[in-house]
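Enquirer: got a sequence here, can you model it:
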Amino acid sequence: MEVLLIGPSRSGKTVLLSRLKSICEFERKQRRRKRSLWMGSPRNKPSETSLTTTRTTTTTTTLNPGETYGIDFKELSYKGKSLRVREVGYPMRDCWHDFYQTCNILIFVIDMSDRYQIAPAASWLLDAVYHKDMKNKPIIVVLNKIDLPYLMEVDDVTQFLQLEKIACHLNPQPDSPPLREDSRNKVTNLEITDHGKKQFAYFSNFEVCAATGQGCEKLLEHLANLTPPLQTS
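Expert: You can find the predicted model right below:
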């Protein structure tokens, strides 16, 4: 599954991608530990202290890379699902549309603490939503840096980015339920029901802090749910 990761300058795209990668690596190590225990290797059994320490390190390490000036690519494997995430840096903004055709999912990252980028970000997001190559493809808006002071209000961001309008455009079912309120994620609509059949909506948004990992595992779970399982021979 091809995932395209874009967004304004210094919105935290590279940090988010690195954080998702670290969560996947931690999950893979946990599976290996469980497998070794199941195979009867007590010497490989980690102590409760080591598990707690590893978990804390994974979720609190602060990452601070610079601006991505080209393309960064990482392959993620999470709970039997394979994701190929391609980050296209802000300096290549004029070329973002060249990657819409080959992607299956789009992630658009916003810095919740940067009021000056919200207007251009809304324009770029709408360009992606209405682009012909993004038809019938899930779009995920990530509201990043929720740990910083002086954040914009979620309702204001929702209005500026026209998230409710985007949700109605991407989820055009006439009898679909209203957008589900999920604590802070007021416009998240992870799934809809059509005549008793459960299917994923084409639009969702998440509030995260990529630097500390807050909310990132929930985002990764959603990506995995949108991805078919790995084929085994």
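Enquirer: ok, residue 20 - how many residues close by?
Expert: 25 (other CB atoms under 10 Å). Yep, even glycine has a C-beta here, placed from its N, CA and C like the rest.
Enquirer: ok, residue 88 - contacts?
Expert: 4-6, 71, 95-96, 99 (CB atoms under 8 Å, 6 or more residues apart in numbering).
Enquirer: buried residues in the longest helix along the chain?
Expert: Using DSSP state H to define each element, the chain has its longest helix at helix 13-38. For helix 13-38, a neighbour-count test (16 or more other CB atoms under 10 Å) marks 13-24, 26-27, 33 as buried.
Enquirer: what's the most distant pair in the contacts of residue 88?
Expert: Using CB to CB, the two most remote members of those are 5 and 95, lying 13.9 Å apart.
Enquirer: so between these two, which is more surrounded?
Expert: Ranked by neighbour count (other CB under 10 Å), residue 5 and residue 95 place residue 5 first, with 27 against 11.
Enquirer: using the three-state scheme, assign that one.
Expert: What DSSP: H, G, I helix; E, B strand; the rest coil gives for residue 5 is strand.
Enquirer: secondary structure element holding the closest residue to it other than its chain neighbours?
Expert: Residue nearest to residue 5 in three dimensions, not counting chain neighbours: residue 87, with 4.3 Å by CB to CB, 6 or more residues apart in numbering. Assessed by DSSP states H and E, residue 87 sits inside strand 81-88.
Enquirer: tell me the mean pLDDT over the longest helix of the chain?
Expert: Average pLDDT, helix 13-38: 86.
Enquirer: for it, packing partners?
Expert: Counting contacts by 3 or more CB pairs under 8 Å, 6 or more residues apart in numbering; DSSP states H and E, helix 13-38 packs against strand 2-6, helix 48-60, strand 71-78, strand 81-88, strand 105-111, helix 216-225.
Enquirer: could you pull out the buried residues of the strand holding residue 87?
Expert: Residues of strand 81-88 classed as buried: 81, 83, 85-88 (neighbour count, 16+ other CB under 10 Å).
Enquirer: then stretch 99-119?
Expert: Burial within stretch 99-119, assessed by neighbour count using 16+ other CB under 10 Å, is assigned to 99-100, 103, 105-114, 117-118.
Enquirer: repeat that for stretch 121-137.
Expert: Neighbour counts over stretch 121-137 (16+ other CB under 10 Å) mark 121-122, 124-125, 128-129, 134, 137 as buried.
Enquirer: so which of those comes closest to residue 159?
Expert: residue 122 (9.6 Å).
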